[in-house]
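1. Sequence and predicted structure, then a few things I'm wondering about:
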Amino acid sequence: RPPAHWLFGDQLGPRFLAPGDGGPHRDAPVVMVESKAVFRRRRFHRAKAHLVLSAMRHRAAELGDRVRYVRAETYREGLRAAVGQGPLTVRHPTSRAALGLVRSLEGARVLPPAGFLVPREEFTAWADGQGGGPLRQEAFYRWVRRRHELLMEGDGPAGGRWNRDHDNRQPPPRGAAELGAPPPYRPRESAVDEEVRRDLDRWERDGEVSFVGRDGPRLFPATRREALAALHRFVEHRLAGFGPHEDAMLHGDPVMSHSLLSSSLNLGLLDPAECVEAAEAAWRAGRAPLNSVEGFVRQIAGWREYVWQLYWYFGEDYRASNALGARGALPRWWEELDADAVTARCLSRVLAQVRDTGWTHHIPRLMVLGSHALQRGWDPGAVTGWFHRCFVDGYDWVMLPNVTGMSQYADGGRMTTKPYTSGGAYIDRMSDLCGPCAYRPDRRVGEDACPFTAGYWAFVHRHRDRLERNPRTAQAARGLGRLKDLPELLRQEQGRDAGAAP
Ligand code: FAD
């Protein structure tokens, strides 16, 4: 009899059980462990807990007699109940903590990871071959395009250019309240969801576990079937409009043309290769323009893959990075997702999206939430933990480079060439959020000073020396010299109540 195979809750697609590519034995009994300690240790968004449990239980129902589904306090206890000390196989997990755990289990054999395009060793060889300079996503992305023959024409990129960001960074259409994209796929809940909701209610009632956020009808796929329907709907109806406004934000249309596929990819329900191949096929068939398809392929074959690889490549110490010495605590209104306590319209709107859905697209994450945390000097580890707990697609591997690196610049530039933050003018240009706001994006001081504009200059001032040395930020640092009201601005920012919502 082959050894049992342990399936983690983010390894739910068929690829993870396929016997090829060093996968588990085709007749291996499957073990799944639902650990309550995971939810006790951290205060997750309830919609995220719901999604993960629903997806695991749906998968167990599909696997039927082949699976032993154990509910336990910890993974170790669950495994002991399911297989005792017996031998075990398990696919390479997605976090260092889980990898450490499976390596410590006697008789466990770790099989190669699935769910990504590039084997880890190949990335290491690529990164080590970059001449010791900083790694750059653009170079990695082009290498992946070549290697996987994605959007290629002969040796060169389709259409003659690798990068179509220029066509894809437009503000929202002027005066439009919505982008007008066909609506995204939304799943229908099943009896499994009802059971999950009952369990979560009971855990909360009994004071065992506490959550943040709202757990309305489930918005994201929990099964392979639902995830394929979501991919199909995106590629056939929404991909064509993905590119041009992918960085824009609209108050009344938080999803715009984004795919909403991140949670399905990160649960393992979709494979990145099938997503980029479907997008390329739509372009080749003339159903979507190249700028949109390239933009989408870049997100998955470029960014997602790069982030996964960096998580392992940068090593465990990366977690403790704090190059800017940021030590502030997260205020209560932020922890509680109390959007109603916030006056700044952009921040209030985005925080409400997180509270209600556990999702926003990348610009609200980077240029509203992340940028605010960076400007306020909050501890990057705490900010990373918050994103991890509050987003439906958040996992250790994806949050660490994205938040600690890209959004909080805590790694001092190993992941990006400069800190991502801006004044209110950027938010005003890229959204319709500022119009009726009580603050004015062009005001730095006074009652109606925009917290992003004032916060931006206070940040630049605080890190002036570092920013002056970086060619990409030197001009911003020099701009400080032109601010006649700088002393007043600094007094205003220093006098801010650290716990009060802007
Ligand atoms: P789309 O805009 O439709 O993009 C398509 C796909 O590309 C996504 O589904 C996702 O799988 C992938 N992708 C794009 N950018 C990234 C990236 N930087 N890292 C990983 N995958 C990427 N993404 C997560 O999946 N989980 C996270 O926890 C997460 N945290 C983030 C935190 C910050 C501060 C920032 C700036 C970005 C983060 N992202 C994260 C990346 C990105 O914001 C989300 O993947 C995206 O918004 C999900 O929505 P979507 O599926 O509609 O994406």
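-> Received the coordinates, thanks. Only a predicted model underlies this, so the values are computations on that prediction, with no experimental measurement involved.

2. residues from the protein in reach of the ligand?
-> 258-262, 265-266, 296, 299-300, 303-304, 307, 361-362, 365-366, 370, 387, 391, 393-394, 398-399, 402-403, 406-407 (C-beta under 6 Å from any ligand atom). Every C-beta, even on glycine, is put in place using the N, C-alpha and C of the backbone.

3. Can you tell me the element the closest residue to Val209 other than its chain neighbours falls in?
-> The spatially closest residue to Val209, leaving aside those adjacent along the chain, is Trp203, at 4.2 Å (C-beta to C-beta, 6 or more residues apart in numbering). Per DSSP states H and E, Trp203 falls inside helix 191-205.

4. coming back round to it: filter the residues of the chain next to the ligand down to the ones in helices?
-> Those of the residues of the chain next to the ligand mapping onto helices are 262, 265-266, 296, 307, 362, 387, 398-399, per DSSP state H.

5. Confirm that Val110 lies within a strand, as I assumed.
-> Yes: counting by DSSP: H, G, I helix; E, B strand; the rest coil, Val110 is located in a strand.

6. Tell me the confidence at it?
-> Model confidence at Val110, given as pLDDT, is 96.

7. Return the residues in contact with it.
-> Counting by C-beta atoms under 8 Å, 6 or more residues apart in numbering, Val110 touches 89-92, 99, 102-103.

8. so which of those comes closest to Glu73?
-> Val102 (18.0 Å; C-beta to C-beta).

9. correct me, but the closest one touches Pro93?
-> Yes: contact between Val102 and Pro93 holds when scored by C-beta atoms under 8 Å: they sit 6.2 Å apart.

10. which helices and strands sit right next to the helix or strand following the helix holding Trp203?
-> Downstream of helix 191-205, the next assigned helix or strand under DSSP H and E is helix 224-233. Using 3 or more C-beta pairs under 8 Å, 6 or more residues apart in numbering; DSSP states H and E, the elements in contact with helix 224-233 are helix 262-266, helix 272-284.

11. need those in CSV with mean pLDDT and mean neighbour count, can you?
-> Shown next, in CSV, are the helices and strands packed on helix 224-233 (pLDDT from 0 to 100; neighbours: other C-beta atoms under 10 Å):
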stretch, mean pLDDT, mean neighbour count
helix 262-266, 98, 25
helix 272-284, 98, 19
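
12. Among those helices, which comes closest to Gly495?
-> helix 262-266 (39.3 Å).

13. Pull the residues that contact that closest one.
-> By C-beta under 8 Å, 6+ apart, helix 262-266 touches 10, 51, 115, 220-221, 226-227, 230-231, 270-272, 275, 300, 304, 359, 392-393, 395, 398.

14. How about stretch 213-221?
-> Contacts of stretch 213-221 (C-beta under 8 Å, 6+ apart): 45-51, 54-55, 185-187, 189, 193, 197, 200, 227, 229-230, 260, 263-264, 269, 337, 354-359, 390, 392.

15. Next, the buried residues of the helix holding Trp203.
-> 192-193, 196-197, 199-200, 203 (16 or more other C-beta atoms under 10 Å).

16. How far away from the center of its chain is it?
-> The chain centroid and the centroid of helix 191-205 are separated by 26 Å under C-alpha atoms, centre = their mean, to the nearest Å.

17. same check, this time on stretch 257-272
-> The answer for stretch 257-272 is 11 Å, by C-alpha atoms, centre = their mean.

18. Ok, stretch 406-423 next?
-> 16 Å.

19. Next: stretch 397-405.
-> Worked out by C-alpha atoms, centre = their mean, stretch 397-405 lies 8 Å from the chain centre.

20. again with stretch 479-493
-> On C-alpha atoms, centre = their mean, the centre of stretch 479-493 falls 35 Å from the chain's centre.

21. what do you get for stretch 319-337?
-> For stretch 319-337, the distance to the chain centre is 18 Å (C-alpha atoms, centre = their mean).

22. Pull up the distance across it, start to finish.
-> 24 Å (C-alpha to C-alpha, to the nearest Å).

23. Now do it: everything it contacts.
-> 212-213, 338, 341-342, 351-352, 354-355, 373-374, 376-383, 386, 390, 400, 404-405, 408-413, 419, 463, 466, 498-501.

24. Among those, name the buried ones.
-> Counted by 16+ other C-beta under 10 Å, those give 212-213, 338, 341-342, 351-352, 354-355, 373-374, 376-383, 386, 390, 400, 404-405, 408-411, 419, 463, 466, 501 as buried.

25. so what are the domain limits for this protein?
-> According to automatic domain parsing, the chain comprises the domains 4-111, 120-185+221-313, 321-494.

26. between those, which one is nearest to Gly207?
-> domain 4-111 (10.8 Å).

27. Start and end of the closest one, how far apart?
-> End-to-end for domain 4-111, by C-alpha to C-alpha: 13 Å.

28. and the gap between the nearest residue to Asp393 once chain neighbours are set aside and Pro419?
-> The shortest distance from Asp393 to any non-neighbouring residue, by C-beta to C-beta, 6+ apart, is to Ser262 (3.8 Å). Look at Ser262 and Pro419: by C-beta to C-beta, to the nearest Å, they are 24 Å apart.
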